[in-house]
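A.B. asks: I'd like to go over a predicted model; first the sequence, then the structure.
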Amino acid sequence: MYTIQVIGGATQEDYTLTAKLAQSISFAPGASSISLNGTTTYGYVYTYDLSAQANQTLSVSLNVPASSATLDIFEPTTNDILLGASKQASTWTGVLPQTGDYMIEVIPNNGQVVDYSLTVSVH
């Protein structure tokens, strides 16, 4: 259970609060890859959580119509960006620098609803 509190000061302020709950990625026993189908509901970013070990190779491939969505991938603990949305990439492969939970985000362009397929593998 999580609690989110917003505590105001002496003056009224407008704000937007966005909370992200990541869907955990689990491989079938003996498998090292998975394909996931999803939708960017209401045009929101969709976040996945993947537990992986340092020095494993992570490959992520987003199958979407051209220019409709991109990927972000963040390191655990530091939240350093392995792949930023500014790269406008739909694929990424690299050796993981540390053990932990990596965040993989599907980011729809211009807040559009996008049906996608995401393939993730770790070796």
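C.D. replies: Yep, that arrived. Residues are numbered from 1 along each chain as shown.
A.B. asks: pLDDT weak spots in the chain?
C.D. replies: Regions of the chain meeting the criterion pLDDT under 70 cover residues 1.
A.B. asks: if we use 80, what do you get?
C.D. replies: Within the chain, the stretches with pLDDT under 80 are 1-2, 18-20.
A.B. asks: and the helices in it, which stretches?
C.D. replies: With DSSP state H as the criterion, the chain has no helices.
A.B. asks: count the neighbours of residue 75 for me.
C.D. replies: Using other Cβ atoms under 10 Å, residue 75 has 16 other residues around it. The way it works is simple: take the backbone N, C-alpha and C, and place the C-beta from them, glycine included.
A.B. asks: swap in residue 53?
C.D. replies: 10.
A.B. asks: now it: how far from residue 64?
C.D. replies: Distance of residue 53 to residue 64, given as Cβ to Cβ, to the nearest Å: 28 Å.
A.B. asks: ok, residue 108 - contacts?
C.D. replies: 40, 43-45, 68-69, 114 (Cβ atoms under 8 Å, 6 or more residues apart in numbering).
A.B. asks: same thing with residue 110?
C.D. replies: Residue 110 makes contact with residue 43 under the criterion Cβ under 8 Å, 6+ apart.
A.B. asks: again, only using 10 Å
C.D. replies: Applying Cβ atoms under 10 Å, 6 or more residues apart in numbering to residue 110 gives the contacts 43, 67-68.
A.B. asks: before we move on, back to that, tell me the buried residues within the contacts of residue 108.
C.D. replies: Buried by 16 or more other Cβ atoms under 10 Å: 40, 68-69, 114, out of the contacts of residue 108.
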